[in-house]
Each structure stands twice: as C-alpha cells, then as structure tokens.
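> curious how this folds, go ahead:
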Amino acid sequence: NFSQHLLHYDSKGEVKVDAKIKGEISKITSPVITIDFSVADGSMKEKDSGVKLTQLHFNGHYTNFNTNETDEIVLKELSGKFLDGSFKAELGIRNFTDPKIKLDVSGDFNLATLHKFLRPPRIEAMSGELHTSIHLLSSINSENQSMELISASGKAKVKGGTITSKSLALHLTSLNGLIEIKNNDASIEGLSGIKGQSDFEINGVIKNFMPYALKENQHINIVASLVSEHIRLEDFLGKGEDPATATVTATAAATATDYYFPSFINFNLDASVGKLTYGAFEGKKLNGNFKLLDKKFTAKNLEIRMADGECKGDLTVDGTGKNGFIIKTKQKAENLNIPKLFVLFENFGKTEITSENLEGNLNAEIDFFGWMDNQLNLHPDKVITTAKLEITEGELNNFMLLDDLVKYMREAKVMAKLKQNAFDYVMLH
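The predicted model follows:
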C-alpha cells in the first residue's frame, strides 16, 4: 500500500508555496487551482533503519486542470544525498483518480543503504555499488494502492553486488556487469556473479526483466551465452519449490529434499563450462546449447569430458510432472576409464560390483529412457536402455560371486586356479 508505505518516514525541510485559484465554484464547475512550491534542505528518515536522505531539494508544480483536463503534480530539479550516495531525478504524477507516475533518476547508490531506505517487499537483502540512469512509468492500483510497473528503460552498472530474495529463489553474490533496460527487457553485458558454489558470466538478453524484478507471478526468458569455470547443478535446481504455486515452501507437498524446475524461468543458453559437478559426478570442458522451456530441459550438441574420455549427444529432461522427471538421452562415449566412471556415478547404486572390482576402457552408444523422482533417485523398474558396449583391456577382480564359483570348480577339479579374470576385447549388445 503506497500511502501506508509513506508512514515509515519522518520528513522535514523548508517549504515555500505560491497558490492561485481562478474561476467559479458551483455545483457543476470548479476553479482552476495552480500551486508552485519548493523544498530546500529537506530530509527523510526511514523510521526502522534510521537511514536518512539529506540535502533534499526540488521545485514543484501542481494543477487540477492540465492540457488533458486532469490533475497533475511535477517535481523538477529533485536531488538528494545519502551518506554513501547521491541522485538527481524528476517525478511526475498525473490523474489522481487513476494515477500514472513518471520517474527519471540518475545516481550512485550503495545497495545496502538503498534497500534499508526503500524497503522493497520481495528482497530480503542487497549490497554493493549501483550506478544508474533509468526511466520508469508506473501506475497505482486504485483498489489496493499498490504500484504497478508499465515500462522501464535505462542503464545500470553493478559492482560487488549481492541480492537475496526467497520469493524469487535467488541468492547471488559478487555481481558485476552492465545492464541496459529497454521496453521492460534487459540487455546484459559481462554480467558475472556467484550462486552457491557456481560462478557465471552472461552476455545476452533477459526478457520481461523489470516486471519480474518488481512484481509477483512474473516470468523471465533468458537468451544468452554462458561462460563458467565451475557449475554445481545443485545450485540451480529449484529445491523445495511447490510446483502448484512456484514459491518456496516448507510443506509436505515440497519437502527440503524435493527438487523441481523453476516455473518462472525459461532460458536458451550457449554454454561453455570448465567443470560441471553433481554429487560425486565431475565432468570437464562442457559445451552445448541448453534450453529450459515450461519446465522441459533440453541439451543439444552436448560435449563433455569425463573419466578420461569424452561423451557426445543430446539430453531431454521433462519436469512438468509433480512427482519427478522423465529423462531421455542418446549418447556416444569414447575411451571412458571404467573404474573412474563407476566412481563418478557412485557405482550406479550397486554394492556387488564397484570401481574396486573393475579395470578397462569403455566405448558405448546408448539410448536411455528413465524416470527419476523429486529426490533425484533413478527408479530401475522404470528404465529402458538400448546400448552397444565395447570393453577393452577389461578385468573383473575380487568378485565374491566368482570366488564361490572358483571354489566350486576347484572342488570339482574342473580348474585348479581362477582368481583373476582378464579379457582383452568384449562386445556387448
């Protein structure tokens, strides 16, 4: 509520007013009222934080009958200072029955100070430096007095920024880069930062950026290139997001171990990642095109090095269901070290055969279809795989089932000794 929001501030300053009333007052006519006013050496203090805006100056003009026959107030030469920042602005409000607000502002801000002063409802914390020149056009909802964005344009440069928003499922640190806003969209140049243990640098366009940042139930679409030294997938999966409301909850519908694709973000990224990790998995030199559209993820022309070898192919993960993910992939793998492969995939959930039992290299062509629940557990009874496997220099060592077989064969005097089983070349279909 805009009017209630103003109650959080104490204001003072030197005010000058020159008012004129011209015309007849009757049941059907009203006089034209014009008021010219100014504020010098004014101040505003946010009551809870104590953050104070000082050296507040502006010249104002009010009329109840402008060229559009509506009331209007304009503040020109508006300027002020915080302890660690300053700004210049111009503000106009037209038609008090259905208000439209126009704001032009340029300045240098400390984001932590600005956050304490403005009290944005969807952002828990901000910090860093912001240099901006921006134009905003908004309206005030007559029913609930909330401010609604119409359009935005301008530039903003952030240095050493952080932002935390639970409702947007965001916690970003070390933010640096230039954002240019036009028609509610943002063009991003060299925007880098850290999310969890992951780093990123993005160049491209974020569609619907300003409504997403300022209003609830908004979506963004990112079309960009992504460069990263390390991406940890856990940092980008929507942990605990309720698929029905797309908000972070602690209900039984979305427990602390549940994962979902975010409902409010779509992206199309050409990515180059030095290292990709998830749990025990680690891949290097990842390249490809990655898309998330309506909770369906696709990876095209995927290339990644892992287990001393290389994999190429395509991947689709459908996250539209409430209870899990449908996975489809077609991959070609070359020269994978089998023990290292088992380590990366945590022995594929098996205890009978582990990386310690195996030696050799693997070439493979795999078509895979499977289902994984919201805890990212793959269900073997819902997996269909067609594979062509080529194993070279393979060994199966210290395998207990074979020890029992060896014991039987020894007792049966079929074979005197079978402790190690080696094979130079095996083809499996």
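> can I take it that Gln4 is in a strand?
No: counting by DSSP: H, G, I helix; E, B strand; the rest coil, one finds Gln4 to be helix, located in no strand.
> state the pLDDT value of it.
pLDDT, Gln4: 74.
> low pLDDT regions in the stretch 251-400 of the chain?
Along the stretch 251-400 of the chain, the model assigns pLDDT under 70 to residues 251-257, 400.
> hmm, try it at 90
Applying pLDDT under 90 to the stretch 251-400 of the chain flags the ranges 251-265, 278-281, 321-323, 342-358, 374-381, 383, 385, 394-400.
> wait, Glu356 sits on Asn398?
Yes: the criterion here is C-beta atoms under 8 Å, and Glu356 meets it with Asn398 at 7.2 Å. (Each C-beta comes from the backbone N, C-alpha and C, glycine too.)
> all strands for the stretch 51-200 of the chain, in order.
For the stretch 51-200 of the chain, the strands defined by DSSP state E, counting those that start in this stretch cover 52-63, 72-82, 85-94, 100-110, 125-140, 147-165, 170-182, 185-195, 198-207.
> what is the neighbour count of Leu396?
16 (other C-beta atoms under 10 Å).
> now Val227: how far from Phe200?
To Phe200, Val227 is 8 Å away according to C-beta to C-beta, to the nearest Å.
> have a look at those two and say which one is more surrounded.
Taking neighbours as other C-beta under 10 Å, Val227 and Phe200 compare with Phe200 leading, 22 against 15.
> for Lys340, see how far away that one is.
Separation of Phe200 from Lys340 (C-beta to C-beta): 27 Å.
> ok, Leu178 next?
Leu178 is 42 Å from Lys340, by C-beta to C-beta.
> for the stretch 201-350 of the chain, what spans make up the helices?
Secondary structure of the stretch 201-350 of the chain (DSSP state H, counting those that start in this stretch): helices located at 209-214, 338-344.
> deepest of these, which one?
Among these, helix 209-214 has the highest mean neighbour count (mean count of other C-beta atoms under 10 Å), at a mean of 21.
> show me what it is packed against.
Packing partners of helix 209-214 (3 or more C-beta pairs under 8 Å, 6 or more residues apart in numbering; DSSP states H and E): strand 147-165, strand 170-182, strand 185-195.
> so what's the residue nearest to the spatial centre of the chain closest to, chain neighbours aside?
Among the residues of the chain, Leu170 comes closest to the average C-alpha position under C-alpha atoms, centre = their mean, at 5.9 Å. Leaving aside its sequence neighbours, Leu170 sits nearest to Ile163 (C-beta to C-beta, 6 or more residues apart in numbering; 6.1 Å).
> before we move on, what about Lys382?
Distance criterion C-beta to C-beta, 6+ apart; nearest residue to Lys382, sequence neighbours excluded, is Trp371 at 4.0 Å.
> quick check: bridge partners of the one you found?
On the basis of DSSP bridges, Trp371 is bridged to Ile326.
> same check on Val74?
With DSSP bridges applied, Val74 shows beta-bridge pairing to His61, Gly92.
> which helices and strands does the helix or strand where Leu362 lies pack with?
For Leu362, the host element (DSSP states H and E) is strand 358-373. Applying 3+ C-beta pairs under 8 Å, 6+ apart, one finds that strand 358-373 makes contact with strand 324-337, helix 338-344, strand 384-397.
> I'd say Pro99 and Ser139 touch.
Yes: Pro99 is within contact range of Ser139, at 6.3 Å (criterion: C-beta under 8 Å).
> okay, and the beta partners of Asp18?
Beta-bridge pairing of Asp18 under DSSP bridges involves Asp36.
> which pLDDT value goes with it?
Listed pLDDT for Asp18 reads 95.
> from Val39, how far out is it?
From Asp18 to Val39 the distance is 13 Å (C-beta to C-beta).
> low-confidence ranges, the stretch 51-200 of the chain, go.
For the stretch 51-200 of the chain (pLDDT under 90), the answer is 64-71, 94-100, 118-123, 136-152, 165-170, 182-184.
> returning to that earlier point: neighbour count: Asp18 and Val39, which is higher?
Legend: neighbour count by other C-beta under 10 Å for Asp18 and Val39, higher for Val39 (19 against 9).
> contact partners for Lys182?
Going by C-beta atoms under 8 Å, 6 or more residues apart in numbering, Lys182 touches Ser153.
> quick one on the thing from earlier: can the helices of the stretch 201-350 of the chain go into a markdown table with extra columns for distance to Phe87?
Below are those laid out as a markdown table (distance: least, C-beta to C-beta, whole Å):
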| stretch | distance to Phe87 |
| --- | --- |
| helix 209-214 | 18 |
| helix 338-344 | 52 |
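> reformat the helices and strands packed on strand 358-373 as JSON lines; add distance to Asn301.
Shown next, in JSON lines, are the helices and strands packed on strand 358-373 (distance: least, C-beta to C-beta, whole Å):
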{"stretch": "strand 324-337", "distance to Asn301": "12"}
{"stretch": "helix 338-344", "distance to Asn301": "22"}
{"stretch": "strand 384-397", "distance to Asn301": "21"}
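> how about those, which one is nearest Leu53?
When those are compared by C-beta to C-beta, strand 324-337 sits nearest Leu53, at 49.1 Å.
> one step back: what is the residue nearest to the centre of the chain paired to in the beta sheet?
Beta-bridge partners for Leu170, by DSSP bridges, are Ser165.
> do Lys388 as well
When assigned by DSSP bridges, Lys388 has beta-bridge partners Glu365.
> please renumber so the chain begins at 197
All right, first residue 197 from here; so that's Lys584.
> is there a neighbour count for it? I'd like the number.
Look at Lys584: counted by other C-beta under 10 Å, it has 13 neighbours.
> is it true that it touches Ala529?
No: if you go by C-beta under 8 Å, Lys584 and Ala529 don't touch, sitting 10.5 Å apart.
> what do those two both touch?
With C-beta under 8 Å, 6+ apart as the test, Lys584 and Ala529 both reach Ala560, Glu561, Ile562.
> wait, the last one sits on Thr581?
Spelled out, it's Ile562. Yes: the criterion here is C-beta under 8 Å, and Ile562 meets it with Thr581 at 6.6 Å.
> tell me how far stretch 567-587 lies from the chain's centre.
The chain centroid and the centroid of stretch 567-587 are separated by 29 Å under C-alpha atoms, centre = their mean, to the nearest Å.
> many thanks, I have nothing further to ask.
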